[in-house]
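Novice: Predicted model follows, preceded by the sequence.
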Amino acid sequence: MNRLIRHGYIVTNDIHQTVLERGDVLICGDTIAAVGADLSQQASALPDLETIDAANRIVMPGLIDAHMHSNEGFEMGRYDNLPLEIWLSEVYPPAHVPHMTWRDKYLRAMLVGIVSIRSGVTTLQDDVLNLAFTPDAVDATASAYRDLGLRGWITASMWDEGYCDSLPFLRNIMPEALVQTLDALPVPGPKDQIALFHQLRDSWHEKDNMRIILGPCGPQRCSPELLGAVADLSRSLDLPIHCHVLETKTQAVTGQEKYGKTLVGFLADVGCLTHRLTMNHAIWLTESDIEMMGDAGCSITHNPLANLKLGSGVSPVRTLLRSGVNVALGCDGVASADTADMFQAFKAASMVHKIGTFDYSEWIGAHDVMQMATHGGARSGLMGDAVGSIEVGKQADIILLDRHEWGLMPLHDPVQQIAFSASSEAVQTSIIAGKVVMKDRKLCCVDEEALRGEIAEAADRFLREECPQMTRHAATVRPFLDQMYAKATEREIGLGPRVRLQPASKAVR
């Protein structure tokens, strides 16, 4: 089908930051065919044409949520005042895999996908942490996104290091009997992990707007053999790698203890540090790390909601950008960010960097964040030629915002108003690959209200049946994680605090 978006306020987000205060966008099939002041004559020659009246709409590229864990979909708001390593033991207890049917996994992904679309997300990079190492979690997630019409980039998550080998000091802190129990937990080896990746890729890659990419969970959780195989696949298939790196000070200490170097240095040694690598979080970085990352042209995902919630720190985004590192924006998992609403991540990223220095030329502004939420995310997915802006030849991933939403009146600067005044309720229409998936806040491809009831039942069942078991299993390791955390955070690693107020070091404009 062909579509003409007519008389909108168009934020193209192209390299020139072109804005048409009253213009048209012509879509042929799944592709943007033209952008201009008046395309009615050009459009009139096309068959099967639908005209979308955008006279009271802001037309802009869809947002890219570059980091999500939809498998946490039934745990929003469940945790508070827990740092990452202790939080992980609650959300992912080391000796317990929640029992969920394929349909349950489909419904939790559907919940995340619905919230994402309703907040302007057209592409979701989803790191589905698959504790059972079976294909059903990714299969159910991809099926949900297909049914919604959402563009999904989904990782085949991998790790092959045991629990006690992925955290510092535990072997000396835990009782021997508990160490033996944890060491005995089955973890597939590198060959099995790679085989599962190929199985998922054969099923879903480049089908129904889905892509399967490489997701080693973190360098401290993966053997050099597994990471070497990932690097080889990334190079031969030209696929992104998304990997959690230096989210916390404890992870920085882990690099010192386990490898005698930073985790960034270790990734370089195993061949993963290339332009195809995206490091999720990337907070506790040395100057040398940042220099290596910039030289490699790699990316990070900036996840301010989760970083703040878990007390992890604030990524040095301005320094990374200045060094040539690409920065994308993510919500992160819905048990740490507690939302898939991309407007909330956009707001947090636009504000948090105003703390840390009085030199306001160093602050991160709303337009910087817009680049992270579009071009930055596209580049981290190696899809910069396809999505991220409204330009001829790109995929027609477009959202329409209501100019009469309370936070957009009057219209000063739509990007700044997304950051500071508007809510995601402003997003009225979403077009993905040329297909209208939401119109006037109503989803077009699924029955949202019927799904709401089924999702509520599955979520309540998870609360009753799985959450108590997760809490009980987490309690077995909690005292020792507390000791490990205290020891790691007391370690001097030469970086100092990640956020501190400093006098301006140079004259501000």
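Specialist: The structure has been received and is ready for your questions.
Novice: tell me which element residue 192 falls in.
Specialist: Using DSSP states H and E, residue 192 sits within helix 190-204.
Novice: who's in contact with that helix?
Specialist: Applying C-beta atoms under 8 Å, 6 or more residues apart in numbering, the contact partners of helix 190-204 are 133-135, 138-139, 142, 154, 156, 158-160, 188, 210-212, 214, 223, 225-226, 229, 233. Just so you know, the C-beta spots here come from the backbone N, C-alpha and C atoms, and that holds for glycine as well.
Novice: out of these, which are buried?
Specialist: Neighbour-count burial (16 or more other C-beta atoms under 10 Å) applied to the contacts of helix 190-204 gives 133, 135, 138-139, 142, 154, 156, 158-160, 210-212, 214, 223, 226, 229, 233.
Novice: In helices, which of the contacts of helix 190-204 fall?
Specialist: Counted as lying in helices by DSSP state H, out of the contacts of helix 190-204, are 138, 139, 142, 225, 226, 229, 233.
Novice: Walking through the stretch 151-300 of the chain, point out its strands one by one.
Specialist: For the stretch 151-300 of the chain, strands defined by DSSP state E, counting those that start in this stretch occupy the ranges 151-158, 210-216, 241-245, 277-281, 299-302.
Novice: Any chance of these in JSON lines with distance to residue 180 as columns?
Specialist: Shown next, in JSON lines, are the strands of the stretch 151-300 of the chain (distance: least, C-beta to C-beta, whole Å):
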{"stretch": "strand 151-158", "distance to residue 180": "25"}
{"stretch": "strand 210-216", "distance to residue 180": "26"}
{"stretch": "strand 241-245", "distance to residue 180": "27"}
{"stretch": "strand 277-281", "distance to residue 180": "32"}
{"stretch": "strand 299-302", "distance to residue 180": "36"}
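Novice: Of those, which is nearest residue 453?
Specialist: Set against residue 453 and scored by C-beta to C-beta, those come closest in strand 151-158, at 24.1 Å.
Novice: Now residue 431: closest residue in space that isn't a chain neighbour?
Specialist: residue 398 (4.6 Å; C-beta to C-beta, 6 or more residues apart in numbering).
Novice: Give me the neighbour count for that neighbour.
Specialist: 27 (other C-beta atoms under 10 Å).
Novice: Assess the claim that it and residue 62 are in contact.
Specialist: Yes - at 6.2 Å, residue 398 and residue 62 qualify as touching, with contact defined as C-beta atoms under 8 Å.
Novice: quick one: the helices in the stretch 201-350 of the chain?
Specialist: Assigned by DSSP state H, counting those that start in this stretch, the helices in the stretch 201-350 of the chain fall at 224-237, 249-259, 263-269, 287-296, 304-309, 317-322, 342-352.
Novice: Reformat those helices as JSON lines; add distance to residue 204.
Specialist: Listed next are those as JSON lines, based on distance: least, C-beta to C-beta, whole Å:
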{"stretch": "helix 224-237", "distance to residue 204": "14"}
{"stretch": "helix 249-259", "distance to residue 204": "30"}
{"stretch": "helix 263-269", "distance to residue 204": "26"}
{"stretch": "helix 287-296", "distance to residue 204": "28"}
{"stretch": "helix 304-309", "distance to residue 204": "26"}
{"stretch": "helix 317-322", "distance to residue 204": "31"}
{"stretch": "helix 342-352", "distance to residue 204": "23"}
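Novice: Indicate which one of those helices is closest to residue 100.
Specialist: With respect to residue 100, and counting by C-beta to C-beta, the nearest of those is helix 304-309 at 22.7 Å.
Novice: Just the buried positions in the closest one, please.
Specialist: Buried residues in helix 304-309 (16+ other C-beta under 10 Å): 304, 305, 306, 307, 309.
Novice: Identify the residue spatially nearest to the residue nearest the centre of the chain, adjacent ones excluded.
Specialist: The centre of the chain sits closest to residue 67, judged by C-alpha atoms, centre = their mean, with a distance of 1.0 Å. In this structure, residue 67 finds its nearest non-sequential neighbour in residue 330, 2.9 Å apart by C-beta to C-beta, 6+ apart.
Novice: which phi and psi does residue 404 have?
Specialist: Phi and psi for residue 404, reported as degrees, to the nearest 10, are phi -100, psi 10.
Novice: Next, the contact list for the residue nearest to it when sequence neighbours are not counted, please.
Specialist: Distances taken as C-beta to C-beta, 6+ apart place residue 56 nearest to residue 404, at 6.1 Å, with adjacent residues excluded. Neighbour list for residue 56: 402, 403, 404 [criterion: C-beta under 8 Å, 6+ apart].
Novice: Phi first, then psi, for residue 56.
Specialist: With angles defined as degrees, to the nearest 10, residue 56 sits at phi -110, psi 30.
Novice: mind checking pLDDT for it?
Specialist: Note for residue 56: predicted pLDDT of 97.
Novice: if I look at it, how far off is residue 348?
Specialist: Using C-beta to C-beta, to the nearest Å, residue 56 is found at 28 Å from residue 348.
Novice: wait, residue 22 sits on residue 36?
Specialist: No - using C-beta under 8 Å, residue 22 and residue 36 do not qualify as a contacting pair, with a distance of 10.8 Å.
Novice: one step back: could you export the buried residues of helix 304-309 as TSV, including pLDDT and distance to residue 96?
Specialist: Conversion of those to TSV gives the following (pLDDT from 0 to 100; distance: C-beta to C-beta, whole Å):
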residue	pLDDT	distance to residue 96
304	98	30
305	98	26
306	98	22
307	98	26
309	98	23
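Novice: Tell me, how many residues neighbour residue 335?
Specialist: By other C-beta under 10 Å, the residues close to residue 335 number 23.
Novice: Quickly note the distance from it to residue 302.
Specialist: Distance of residue 335 to residue 302, given as C-beta to C-beta: 19 Å.
Novice: Confirm that residue 430 sits in a helix.
Specialist: No - counting by DSSP: H, G, I helix; E, B strand; the rest coil, one finds residue 430 to be strand, located in no helix.
Novice: Skipping its backbone neighbours, what lies nearest it in space?
Specialist: Leaving out its chain neighbours, the residue that sits closest to residue 430 by C-beta to C-beta, 6+ apart is residue 438, at 4.2 Å.
Novice: Also residue 437?
Specialist: Leaving aside its sequence neighbours, residue 437 sits nearest to residue 149 (C-beta to C-beta, 6+ apart; 3.6 Å).
Novice: swap in residue 115?
Specialist: In space, residue 115 is closest to residue 340, 4.0 Å off (C-beta to C-beta, 6+ apart).
Novice: Kindly report the same for residue 376.
Specialist: residue 328 (4.0 Å).
Novice: doesn't residue 383 make contact with that neighbour?
Specialist: No - taking contacts as C-beta under 8 Å, residue 328 lies outside contact range of residue 383: 11.2 Å.
Novice: between those two, which one's more packed in?
Specialist: A count of neighbours by other C-beta under 10 Å puts residue 328 above the other of residue 328 and residue 383, at 28 against 20.
Novice: That one bridge partners, please.
Specialist: Applying DSSP bridges to residue 328 gives these bridge partners: residue 301.
Novice: And residue 402, by the same measure?
Specialist: Here residue 402, judged by DSSP bridges, has bridge partners residue 57.
Novice: Next, the contact list for it, please.
Specialist: Residues near residue 402 by C-beta under 8 Å, 6+ apart: 56, 57, 58, 408, 426, 428.
Novice: Out of the strands of the stretch 151-300 of the chain, flag the one nearest residue 253.
Specialist: Taking the strands of the stretch 151-300 of the chain one by one with C-beta to C-beta, strand 241-245 is closest: 13.9 Å.
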